[in-house]
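Asks: let me see the structure of the following:
(one chain, ligands or ions: 1)
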Amino acid sequence: MAKTEPAIEISAELLARLHRIHRQVTDLQGQVDRGPRRIAAGETLVQKARQAVTDAADAIKRSKLLADQKQLQLREREQRVHSLQGKLNEASGNREYELLKEQIAADVQASSVLSDEILELLERLDQLEIDRQTRLRELDERQIEQQRLAELVHGEVMAARDELVRAEAQREEAELLIPAAGKSEYLRLVAARGEDAFASVEGDSCSGCSQMLTTQLVSRMILSQMIRCPNCNAFLYRRNPN
Ligand SMILES: [Zn+2]
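Replies: Residues are numbered from 1 along each chain as shown. Model prediction:
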């Protein structure tokens, strides 16, 4: 046999109002908390765009270095061809002459390959520069976008903070109407569950957990007694009390 406690009277209107205010507080607090995360997410995108510009510049640097190296090699080859050609006239025999000819042919061939490679690299450098310009534009756009986002979020957070102050004041005002006997129970449950400390009754069921309620419990609720759902523990109230 459950021990009989004196019934605490509380109006459905007050519980509905408290429920609404707590929902509002949760929602506004969420908006305030999400603000910095939204800005940080945008900042990550700016960082990525900035990294893409750095990567594009690095690719240009690497290709330029490679082109310079190959140009140096090409000049060395050409000089060697030149000096080998000079030696042709001084060749002491057919065999030496043929060997020089072969060497010159090999060097000319190698020079031609180098020239092609250098040309390819220069074309690639043009493309890389176009790419870098694109990345720079993207970074610019991203930064402007981030500036806009930061201003927007800042404004929204400020507005949510103001509304939060108003909602907290409404909550305090409404809490003054809670009967003293039920106050500590209310504070305990609200501290633990926030807006889920309340549930309206739809038909004969708790809207918080869908539990069917006994007729006895529903009658007590109709008599404006402070009751809680036997399943989910929420304070129960009629949605449309007369
Ligand atoms: Zn319930």
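
Asks: quick one: pLDDT of the closest residue to Arg238 other than its chain neighbours?
Replies: Leaving aside its sequence neighbours, Arg238 sits nearest to Ala12 (CB to CB, 6 or more residues apart in numbering; 4.6 Å). No exception for glycine: its C-beta is placed from N, CA and C like everyone else's. pLDDT for Ala12: 95.

Asks: which other helices and strands contact the one helix or strand Thr54 maps to?
Replies: Using DSSP states H and E, Thr54 sits within helix 12-88. On a contact count with 3 or more CB pairs under 8 Å, 6 or more residues apart in numbering; DSSP states H and E, helix 12-88 meets helix 94-175, strand 198-202, strand 235-238.

Asks: could you give the angle of that helix to helix 94-175?
Replies: Following axes from the mean of the first three to the mean of the last three CA atoms, to 10 degrees, one obtains 170 degrees for the angle between helix 12-88 and helix 94-175.

Asks: from here on, call the first residue 45.
Replies: Sure, I'll start numbering at 45, so the last one becomes helix 56-132.

Asks: so how far is helix 56-132 from its chain's centroid?
Replies: With CA atoms, centre = their mean, to the nearest Å as the basis, helix 56-132 stands 15 Å off its chain's centre.

Asks: returning to what we had before: gap between the residue nearest to Arg282 and the ion?
Replies: 16 Å (CB to the ion, to the nearest Å).

Asks: run a quick neighbour tally on that residue.
Replies: 19 (other CB atoms under 10 Å).

Asks: the one 10 residues further on too?
Replies: If you count neighbours by other CB under 10 Å, His66 ends up with 20.

Asks: state the pLDDT value of it.
Replies: Value for His66, per-residue pLDDT: 97.

Asks: residues in contact with Glu189?
Replies: Gly86 (CB atoms under 8 Å, 6 or more residues apart in numbering).

Asks: check what pLDDT the closest residue to Arg264 other than its chain neighbours gets.
Replies: In this structure, Arg264 finds its nearest non-sequential neighbour in Ile271, 5.3 Å apart by CB to CB, 6+ apart. Looking at Ile271, its pLDDT stands at 95.

Asks: contact partners for Ile271?
Replies: Counted by CB under 8 Å, 6+ apart, Ile271 has contacts 261, 264-265, 279-280.

Asks: related to what we said a few turns ago, surely the residue nearest to Arg282 touches Tyr281?
Replies: Yes. Assessed by CB atoms under 8 Å, Ala56 is found in contact with Tyr281 at 4.2 Å.

Asks: near the ion, which residues of this protein are found?
Replies: Residues of the chain lying close to the ion by CB under 5 Å from the ion are 250, 252-253, 255, 273, 275-276.

Asks: what's the PyMOL syntax to select whichever of the residues you listed are buried?
Replies: In PyMOL syntax, the buried subset of the residues of the chain next to the ion is picked out as below (16 or more other CB atoms under 10 Å):
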select buried, resi 250+252+255+273+276
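
Asks: give me the subset of the residues of the chain next to the ion lying in helices.
Replies: With DSSP state H as the criterion, helices contain none of the residues of the chain next to the ion.
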